[in-house]
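Chemist: Sequence first, then the predicted structure, then my questions.
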Amino acid sequence: MQLTSRTVRTILLLLGLCLAFAAGARAQEALKPLVDGLGATAFPQKVEAVKRLAATGDPKVPEILEKLSAGALFAPKAGGAVYLVEGDVVSDPVTGAPVEGVAAGSLQKIRLNNMLRGAIGDAMSQLTLLSPDRNARLSAAQALLASGDTANLALLDGALAKESDPEVKAAMDSARAVLILKTDASAEDKKAAIENVAARGDRGALNILSAALATAPPDLVPVIQGRIDGITSSLAVWDVLQNVWYGLSLGSVLLLAAIGLAITFGVMGVINMAHGEMVMLGAYTTYVVQQTVASLAPGLATFSLAFAVPIAFLFTGLVGVAIERGIIRFLYGRPLETLLATWGLSLILQQTIRTIFGPTNRQVDNPSWMSGTFDFGGLAITWNRMWIIVFSLAVFLALLTLLKRSRLGLQMRAVTQNRRMASSMGIRTPMVDAMTFGLGSGIAGIAGVALSQIDNVSPNLGQNYIIDSFMVVVFGGVGNLWGTFVGAMTLGIANKFLEPYAGAVLGKILILVLIILFIQRRPRGLFALKGRSIE
């Protein structure tokens, strides 16, 4: 009889199914003794049984361990076979088939403790090495890297052979190297593992190699020590760069807070103690805009920060013009009275905000594109800080362009250099004063928008930055934008380098002392304005 191709394919399919069923049955038979190990009376034996189950990599194991965690696995009081008990039904935990002749009342629940729960958690993480979900596999590899359990080496090797994602495979390679260092593998394998771990170059690699050094054979000690020294030197350089990054981040915040003060102080000579409250008003404007957008147009909530920037600028700018027209213009030439008046105004503004919003902090949510962190080499960079640096530079360049290229900027520079001459040339100095104060206050408002993403929005927000803002302006040179930029970045970096050694408070005191000593030598700051009438 001649067989058709369809008949041949059918026969081959049936043979394949038979072989698959036979293999599945053999796998279940091999799994049953390991599951019965969970019924041991001692917890260390139960932990060992969990580890052996995880090492099989069988897809049935996660379900069994979930049943164990849920308290659904039972065993005789003296130990022995393990059963799945659901109500009055007793079944096999591997096959799910009902078991005859065993009463649920004759069994007791397998007890758990913290050690066993931890072992179950580790096993569940390791078993996801074979998950179809890429993120689950990456998390499992990282968990295995942290635990360093050598019982999972065979499972990890199997997962590595199937892995195609480069990032996940790199994490698995690192985990395998850590496990190899804890086994009695050959010297060549351990050297390769050492190189694999050292290639990471982070503190985790340093800790792994330091732990391996304590138990390493004599011929591997120089190799491990050399890699430890190399990583230590590299981390020292990255630590310096990390402090520089933190300093630039703090400097960008100081620049935003001080740049408006530099304009009003330089052009008008006004010591505005309410400048911090303009920053605070900008932060609360951001909160109000975010709440309004969330209630009226939830789909635009991600863009609420973009709406808040122009609104905060206009609102605080108008408040600044009102302050200049209502208070400041009557006090020109009397710096002490101006200081006291603006200090009193700052207290009024703080109390007004407390009355309207309450004394507690208000939550301003970060948009998704400003949340989280990323690594750049050995640097840990937060997205919100990075965007604030970009934002502060954009504000600085925009303001510089305004002062250099616009009519208002020309008039402001003329008034700064020689007020009387500018007035005699037809420049309306009162209007320039009002616009200048409004511009400085508006910039302080958008500084509050940025600060709402990294600091608590509270009535005292501005007080945290007013002293630092004055230090930046005096150090950089009154009324000079480039001086304000250099001063903010210099003080930010100096603060971050002093903090690890002197602490935050003492570091600020040291910075203040250094600025005082510097001003004794250069009373006009780093970049002094030039003009016949400037004193």
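Modeler: Perfect, I can see it now.
Chemist: Run through the protein and note the low-pLDDT ranges.
Modeler: Residues of the chain meeting the criterion pLDDT under 70: 1-30, 57, 59, 79, 125-131, 147-149, 151-152, 266-267, 479, 528-535.
Chemist: Kindly recompute the last result at 50.
Modeler: Within the chain, the segments meeting pLDDT under 50 span 1-3, 8, 11-12, 15-27, 531-535.
Chemist: so where do the strands sit in it?
Modeler: In the chain, the strands defined using DSSP state E lie at 73-75, 83-86, 89-91, 108-109, 373-376, 379-382.
Chemist: Tell me the strands beside the shortest one, with direction?
Modeler: Just to be clear, that refers to strand 108-109. Strand 108-109 sits in its sheet next to strand 73-75 (antiparallel), going by DSSP bridges.
Chemist: Kindly report the same for the second one.
Modeler: Sheet pairing for strand 83-86, assigned by DSSP bridges, gives strand 73-75 (antiparallel), strand 89-91 (antiparallel).
Chemist: now it, how far from the chain's geometric center?
Modeler: Offset of strand 83-86 from its chain centre (CA atoms, centre = their mean, to the nearest Å): 45 Å.
Chemist: Can you list the neighbours in contact with that strand?
Modeler: Residues outside strand 83-86 that contact it (CB atoms under 8 Å, 6 or more residues apart in numbering) are 67, 72-75, 90-93, 96, 99, 102, 104, 107. Where you see a C-beta, it was placed from the backbone N, CA and C, and this is true even at glycine.
Chemist: now do stretch 240-252
Modeler: Contacts for stretch 240-252 (CB under 8 Å, 6+ apart): 377-381, 385, 388-389, 391-393, 488-497, 500.
Chemist: Stretch 318-337 too?
Modeler: 268-272, 274, 278, 281, 338, 341-342, 345, 430, 433-435, 437-442, 444.
Chemist: what about stretch 84-98, start to end distance?
Modeler: Stretch 84-98 has an end-to-end distance of 9 Å (CA to CA, to the nearest Å).
Chemist: Mind putting the strands paired with strand 83-86 into TSV with distance to L318 and mean neighbour count?
Modeler: As requested, the strands paired with strand 83-86 are exported to TSV (distance: least, CB to CB, whole Å; neighbours: other CB atoms under 10 Å):
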stretch	distance to L318	mean neighbour count
strand 73-75	70	20
strand 89-91	75	15
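Chemist: export the ones you listed to CSV and tack on distance to G483?
Modeler: Shown next, in CSV, are these (distance: least, CB to CB, whole Å):
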stretch, distance to G483
strand 73-75, 73
strand 89-91, 80
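Chemist: To W369, which of those lies closest?
Modeler: Among the strands paired with strand 83-86, the nearest to W369 by CB to CB is strand 73-75 (46.6 Å).
Chemist: And the contacts of that closest one?
Modeler: The contact list for strand 73-75 (CB under 8 Å, 6+ apart) reads 36, 38-39, 64, 67, 81-85, 90, 93, 104, 107-110.
Chemist: Just checking the distance from that strand to the centre of its chain.
Modeler: In terms of CA atoms, centre = their mean, the centre of strand 73-75 is set 44 Å apart from its chain centre.
Chemist: Kindly report the same for stretch 250-258.
Modeler: On CA atoms, centre = their mean, the centre of stretch 250-258 falls 20 Å from that of its chain.
Chemist: among the contacts of stretch 318-337, which ones are buried?
Modeler: Buried positions within those, assessed by neighbour count (16 or more other CB atoms under 10 Å), are 268-272, 274, 278, 281, 338, 341-342, 345, 433-435, 437-442, 444.
Chemist: Can you show me the helices along the stretch 351-500 of the chain?
Modeler: 383-405, 407-417, 419-424, 429-451, 463-476, 481-502 (DSSP state H, counting those that start in this stretch).
Chemist: helices or strands up against the first one?
Modeler: The elements that helix 383-405 packs onto, with contact taken as 3 or more CB pairs under 8 Å, 6 or more residues apart in numbering; DSSP states H and E, are helix 221-268, helix 407-417, helix 429-451, helix 481-502.
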